[in-house]
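**Student:** got a structure for you, letters missing:
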């Protein structure tokens, strides 16, 4: 059942990325986390995310800006490794967090609280006009690489923060897309190396047939999403996806999921 559901969700998530503004990883990972531990959900999502972006490199990669890739990508790669290592440490400890809110007691884990909090932060960034238009001076590109890379390694949430720092680099639309895709692949390669090294030697193994099915489903979703692009009310989809992500983020923070 989890095989069927995750493949279907990968297809739907890939389709919805064209309408909602959220990235594939942001939409897919919370659903995968319903069936697997957070660290394995992040790993599975990273593989699908990598495959999806690697495919895009063949389509748009020639437009990438090398100077931006170097300034942003070098620190992003290094801090992606640190973020991924932190994820493995948190998964090993599996520390339980108990807290009380409005006379209700909740029990969750530090990893779930971090990921749930980042999901809620991403919803705010996507919905608030201030964050949508926020563009940080290009002299801070290395810092952007640090932030985006570290969060990418820790939970996969790298796209929104990367865009904030790339918006004022003077890139054309084609360069912006291509440069972002290559930067995402660089982060994915490095964090997957850490995930594979760590989780490959534990009992929490990845179902590779499930991953392959999810990757193919994501490609299919992107194809049909492009066909439906002019037939769907985008604002309605954005509100639905945002509400779903808030629900999942709160569920992780409270331990309900």
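**Tutor:** Nice, I can see it. As the structure is a computational prediction, the values presented were derived from the model and not from experiment.

**Student:** Averaged over its residues, which helix or strand of this structure has the lowest pLDDT?
**Tutor:** Across the helices and strands of the chain, the lowest-confidence element by mean pLDDT, DSSP states H and E is helix 129-132, at a mean of 67.

**Student:** need the next SSE after that helix, C-terminal direction.
**Tutor:** helix 141-155 (DSSP states H and E).

**Student:** which stretches of the stretch 1-150 of the chain have low pLDDT?
**Tutor:** Low-confidence segments of the stretch 1-150 of the chain, defined by pLDDT under 70: 1-2, 14-23, 93-95, 129-135.

**Student:** where along it do the strands fall?
**Tutor:** 96-101, 104-109 (DSSP state E, counting those that start in this stretch).

**Student:** The ones you listed: which one's closest to residue 46?
**Tutor:** Each of these has some distance to residue 46 by Cβ to Cβ; the shortest is strand 104-109, at 19.5 Å. The C-beta positions use only the backbone N, C-alpha and C, and glycine is treated the same way.

**Student:** Does anything pack onto that closest one? Which helices or strands?
**Tutor:** In terms of contacts (3 or more Cβ pairs under 8 Å, 6 or more residues apart in numbering; DSSP states H and E), strand 104-109 is packed against strand 96-101, helix 234-254.

**Student:** deepest of the ones you listed, which one?
**Tutor:** helix 234-254 (a mean of 17; mean count of other Cβ atoms under 10 Å).

**Student:** Which parts of the protein are helices?
**Tutor:** Taking DSSP state H, the helices of the chain run over residues 2-20, 24-32, 38-60, 66-93, 110-127, 129-132, 141-155, 159-166, 173-199, 208-228, 234-254.
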